[in-house]
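**Student:** fold the following, please.
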Amino acid sequence: MEYLVTMTTHVPDGASEQDVADVRAREAARTHELASEGHVLRLWRPPLQPGEWRTIGLFAADDSADLEVTLASMPLRVWRTDEITPLGRHPNDPGYGRTAIDPNGTEFLTTFLVTVPVGTSSATVDTTLRHEAEQARSLADEGRLIRLWTLPGGRNLGHWQAGDSDGMQGIMQSLPMADWLTVDTVRLTRHPNDPGMKP
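**Tutor:** Numbering: from 1, shown residues only. Purely as a prediction, here's the structure:
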(Lines give C-alpha, C1' and ligand atoms only; values in the text may rest on other atoms or scores of the structure.)
Protein backbone atom coordinates (compact mmCIF):
# COMPACT_ATOMS: atom_id res chain seq x y z
CA MET A 1 0.00 0.00 0.00
CA GLU A 2 1.13 3.56 -0.65
CA TYR A 3 0.98 6.51 1.72
CA LEU A 4 1.57 10.24 1.41
CA VAL A 5 3.36 11.59 4.47
CA THR A 6 3.79 15.28 5.25
CA MET A 7 6.77 15.56 7.59
CA THR A 8 7.28 18.75 9.61
CA THR A 9 10.52 19.14 11.54
CA HIS A 10 10.93 21.41 14.58
CA VAL A 11 14.58 21.72 15.63
CA PRO A 12 14.62 22.15 19.42
CA ASP A 13 16.05 25.24 21.04
CA GLY A 14 19.65 24.65 22.04
CA ALA A 15 20.47 22.25 19.20
CA SER A 16 23.82 23.22 17.72
CA GLU A 17 24.58 23.46 14.02
CA GLN A 18 26.71 20.35 14.43
CA ASP A 19 23.80 18.48 16.06
CA VAL A 20 21.58 19.40 13.10
CA ALA A 21 24.23 18.44 10.56
CA ASP A 22 24.78 15.06 12.25
CA VAL A 23 21.05 14.23 12.32
CA ARG A 24 20.60 15.31 8.70
CA ALA A 25 23.55 13.14 7.61
CA ARG A 26 22.12 10.12 9.42
CA GLU A 27 18.69 10.88 7.93
CA ALA A 28 20.15 10.90 4.41
CA ALA A 29 21.91 7.57 4.98
CA ARG A 30 18.80 5.95 6.45
CA THR A 31 16.61 7.30 3.65
CA HIS A 32 18.97 5.72 1.11
CA GLU A 33 18.60 2.38 2.91
CA LEU A 34 14.81 2.64 3.03
CA ALA A 35 14.69 3.56 -0.65
CA SER A 36 16.79 0.53 -1.57
CA GLU A 37 14.31 -1.61 0.41
CA GLY A 38 11.36 -0.12 -1.47
CA HIS A 39 9.89 1.82 1.46
CA VAL A 40 10.70 5.40 0.44
CA LEU A 41 9.57 6.04 -3.15
CA ARG A 42 9.78 9.83 -3.51
CA LEU A 43 10.58 12.92 -1.43
CA TRP A 44 9.70 16.53 -2.30
CA ARG A 45 9.70 19.96 -0.77
CA PRO A 46 6.48 22.01 -1.01
CA PRO A 47 6.61 25.82 -1.03
CA LEU A 48 8.08 26.88 2.32
CA GLN A 49 7.92 29.98 4.49
CA PRO A 50 11.19 31.34 5.96
CA GLY A 51 12.42 29.02 8.69
CA GLU A 52 9.94 26.27 7.75
CA TRP A 53 11.28 22.72 7.43
CA ARG A 54 8.76 20.45 5.73
CA THR A 55 8.92 17.44 3.40
CA ILE A 56 6.29 15.49 1.47
CA GLY A 57 7.08 11.81 1.01
CA LEU A 58 5.59 8.92 -0.92
CA PHE A 59 6.05 5.69 1.04
CA ALA A 60 5.17 2.03 0.50
CA ALA A 61 4.27 -0.29 3.38
CA ASP A 62 2.25 -3.42 4.05
CA ASP A 63 -0.07 -1.50 6.39
CA SER A 64 -0.11 1.44 8.80
CA ALA A 65 1.84 -0.48 11.44
CA ASP A 66 4.56 -1.33 8.94
CA LEU A 67 4.69 2.33 7.88
CA GLU A 68 5.12 3.41 11.49
CA VAL A 69 8.14 1.11 11.82
CA THR A 70 9.66 2.80 8.77
CA LEU A 71 8.97 6.33 9.97
CA ALA A 72 10.19 5.59 13.49
CA SER A 73 13.52 4.34 12.09
CA MET A 74 14.33 7.73 10.52
CA PRO A 75 16.69 9.85 12.66
CA LEU A 76 14.73 13.10 12.15
CA ARG A 77 11.64 11.51 13.71
CA VAL A 78 12.84 12.72 17.14
CA TRP A 79 12.21 16.30 15.95
CA ARG A 80 9.40 15.61 13.53
CA THR A 81 5.64 15.24 13.35
CA ASP A 82 4.12 13.20 10.53
CA GLU A 83 0.72 13.61 8.88
CA ILE A 84 -0.17 10.34 7.12
CA THR A 85 -2.68 9.92 4.30
CA PRO A 86 -3.41 6.44 2.92
CA LEU A 87 -3.62 6.32 -0.86
CA GLY A 88 -6.10 4.11 -2.71
CA ARG A 89 -6.07 2.81 -6.25
CA HIS A 90 -7.52 5.12 -8.92
CA PRO A 91 -8.92 3.46 -12.08
CA ASN A 92 -6.98 5.91 -14.30
CA ASP A 93 -3.64 5.49 -12.50
CA PRO A 94 -0.87 4.91 -15.08
CA GLY A 95 0.73 2.40 -12.72
CA TYR A 96 3.17 1.85 -9.89
CA GLY A 97 6.81 2.56 -10.58
CA ARG A 98 6.38 5.46 -12.99
CA THR A 99 8.43 8.58 -12.33
CA ALA A 100 9.09 11.99 -13.81
CA ILE A 101 10.95 11.72 -17.09
CA ASP A 102 12.13 15.29 -17.68
CA PRO A 103 14.90 16.39 -15.27
CA ASN A 104 14.15 20.00 -16.21
CA GLY A 105 10.41 19.72 -15.66
CA THR A 106 8.48 20.74 -12.56
CA GLU A 107 6.45 18.26 -10.54
CA PHE A 108 3.05 19.04 -9.03
CA LEU A 109 0.57 17.38 -6.72
CA THR A 110 -3.11 18.14 -7.25
CA THR A 111 -5.87 17.34 -4.80
CA PHE A 112 -9.20 17.41 -6.58
CA LEU A 113 -12.85 16.77 -5.89
CA VAL A 114 -15.31 15.84 -8.64
CA THR A 115 -18.76 17.41 -8.38
CA VAL A 116 -21.16 16.39 -11.14
CA PRO A 117 -23.62 19.23 -11.87
CA VAL A 118 -27.18 18.59 -10.74
CA GLY A 119 -29.33 17.35 -13.60
CA THR A 120 -26.49 15.81 -15.62
CA SER A 121 -27.71 12.66 -17.32
CA SER A 122 -26.13 9.29 -16.60
CA ALA A 123 -25.24 9.00 -20.29
CA THR A 124 -23.31 12.29 -20.14
CA VAL A 125 -21.52 11.15 -16.97
CA ASP A 126 -20.55 7.83 -18.58
CA THR A 127 -19.29 9.53 -21.75
CA THR A 128 -17.29 12.10 -19.78
CA LEU A 129 -15.74 9.41 -17.59
CA ARG A 130 -14.70 7.46 -20.68
CA HIS A 131 -13.14 10.54 -22.28
CA GLU A 132 -11.41 11.36 -18.99
CA ALA A 133 -9.81 7.91 -18.93
CA GLU A 134 -8.67 8.31 -22.54
CA GLN A 135 -7.13 11.72 -21.80
CA ALA A 136 -5.41 10.33 -18.71
CA ARG A 137 -3.78 7.61 -20.82
CA SER A 138 -2.70 10.22 -23.38
CA LEU A 139 -1.19 12.47 -20.69
CA ALA A 140 0.59 9.50 -19.14
CA ASP A 141 2.07 8.56 -22.53
CA GLU A 142 3.34 12.15 -22.86
CA GLY A 143 4.95 11.95 -19.42
CA ARG A 144 2.61 14.59 -17.97
CA LEU A 145 0.54 12.35 -15.71
CA ILE A 146 2.73 10.25 -13.43
CA ARG A 147 0.32 8.78 -10.88
CA LEU A 148 -3.29 9.00 -9.67
CA TRP A 149 -4.72 7.84 -6.35
CA THR A 150 -7.97 8.07 -4.41
CA LEU A 151 -8.03 9.82 -1.04
CA PRO A 152 -10.29 9.43 1.97
CA GLY A 153 -13.44 11.51 1.74
CA GLY A 154 -14.04 11.09 -1.98
CA ARG A 155 -11.14 13.24 -3.15
CA ASN A 156 -8.35 12.25 -5.54
CA LEU A 157 -4.63 12.95 -5.74
CA GLY A 158 -2.66 13.45 -8.94
CA HIS A 159 1.11 13.56 -9.49
CA TRP A 160 2.06 15.47 -12.63
CA GLN A 161 4.97 17.00 -14.50
CA ALA A 162 4.82 20.20 -16.54
CA GLY A 163 7.16 22.89 -17.76
CA ASP A 164 5.78 25.46 -15.33
CA SER A 165 2.63 26.49 -13.47
CA ASP A 166 0.96 27.73 -16.66
CA GLY A 167 1.66 24.37 -18.29
CA MET A 168 0.12 22.60 -15.29
CA GLN A 169 -2.96 24.79 -15.58
CA GLY A 170 -3.23 23.89 -19.25
CA ILE A 171 -3.08 20.19 -18.41
CA MET A 172 -5.94 20.51 -15.94
CA GLN A 173 -8.01 22.49 -18.43
CA SER A 174 -7.50 19.73 -21.01
CA LEU A 175 -9.34 17.22 -18.84
CA PRO A 176 -12.89 16.43 -19.97
CA MET A 177 -14.07 16.78 -16.36
CA ALA A 178 -12.31 20.16 -15.89
CA ASP A 179 -15.58 22.01 -15.27
CA TRP A 180 -16.53 19.47 -12.60
CA LEU A 181 -13.28 19.71 -10.64
CA THR A 182 -12.32 21.70 -7.58
CA VAL A 183 -8.51 21.58 -7.62
CA ASP A 184 -5.76 22.50 -5.14
CA THR A 185 -2.31 22.46 -6.77
CA VAL A 186 1.05 22.28 -4.97
CA ARG A 187 4.25 23.00 -6.88
CA LEU A 188 7.06 20.69 -5.76
CA THR A 189 10.84 21.00 -5.71
CA ARG A 190 13.41 18.25 -5.47
CA HIS A 191 14.46 17.03 -2.04
CA PRO A 192 18.18 16.24 -1.70
CA ASN A 193 17.34 12.74 -0.43
CA ASP A 194 14.76 12.01 -3.15
CA PRO A 195 15.35 8.50 -4.54
CA GLY A 196 12.97 8.85 -7.47
CA MET A 197 15.00 10.95 -9.90
CA LYS A 198 18.68 10.77 -10.64
CA PRO A 199 20.55 14.04 -11.22
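**Student:** okay, domains of the chain per the record?
**Tutor:** Using automatic domain parsing, the domain ranges for the chain come out as 2-86, 89-189.
**Student:** among the ones you listed, which is nearest Pro195?
**Tutor:** When those are compared for distance to Pro195 using C-beta to C-beta, the nearest one is domain 2-86, at 3.5 Å. Glycine gets a C-beta too; all of them are placed from N, C-alpha and C.
**Student:** for the closest one, measure first residue to last.
**Tutor:** The distance separating the two terminal residues of domain 2-86, taken as C-alpha to C-alpha, to the nearest Å, comes to 6 Å.
**Student:** what does stretch 155-168 give?
**Tutor:** Where stretch 155-168 starts and where it finishes are 19 Å apart, if you go by C-alpha to C-alpha.
**Student:** any idea of the mean pLDDT for it?
**Tutor:** In this model, stretch 155-168 carries a mean pLDDT of 95.
**Student:** buried residues in it?
**Tutor:** By neighbour count with 16 or more other C-beta atoms under 10 Å, stretch 155-168 contains the buried residues Asn156, Leu157, Gly158, His159, Trp160, Gln161, Ala162, Met168.
**Student:** kindly reformat these as CSV containing distance to Ala29 and secondary structure.
**Tutor:** Putting the buried residues of stretch 155-168 into CSV (distance: C-beta to C-beta, whole Å; DSSP: H, G, I helix; E, B strand; the rest coil) gives the following:
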residue, distance to Ala29, secondary structure
Asn156, 35, strand
Leu157, 29, strand
Gly158, 32, strand
His159, 26, strand
Trp160, 30, strand
Gln161, 28, strand
Ala162, 33, strand
Met168, 34, helix
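**Student:** nearest to His32, of those?
**Tutor:** Closest approach to His32 among the buried residues of stretch 155-168 (C-beta to C-beta): His159, at 21.9 Å.
**Student:** run a quick neighbour tally on the nearest residue to Pro117 once chain neighbours are set aside.
**Tutor:** By the measure of C-beta to C-beta, 6 or more residues apart in numbering, the closest residue to Pro117 outside its immediate chain neighbours is Trp180, 6.9 Å from it. Close neighbours of Trp180, defined as other C-beta atoms under 10 Å, add up to 17.
**Student:** from Leu129, how far off is Trp180?
**Tutor:** Taking C-beta to C-beta, to the nearest Å as the criterion, Trp180 is separated from Leu129 by 10 Å.
**Student:** on that earlier part again, and of the domains of the chain, who's closest to Gly196?
**Tutor:** domain 2-86 (4.1 Å).
**Student:** model confidence over that closest one, on average?
**Tutor:** Mean predicted lDDT for domain 2-86 stands at 94.
**Student:** coming back round to it: mind putting the buried residues of stretch 155-168 into TSV with distance to Gly196?
**Tutor:** Converted to TSV, the buried residues of stretch 155-168 look like this (distance: C-beta to C-beta, whole Å):
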residue	distance to Gly196
Asn156	21
Leu157	16
Gly158	16
His159	10
Trp160	14
Gln161	12
Ala162	17
Met168	18
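**Student:** great, nothing more from me.
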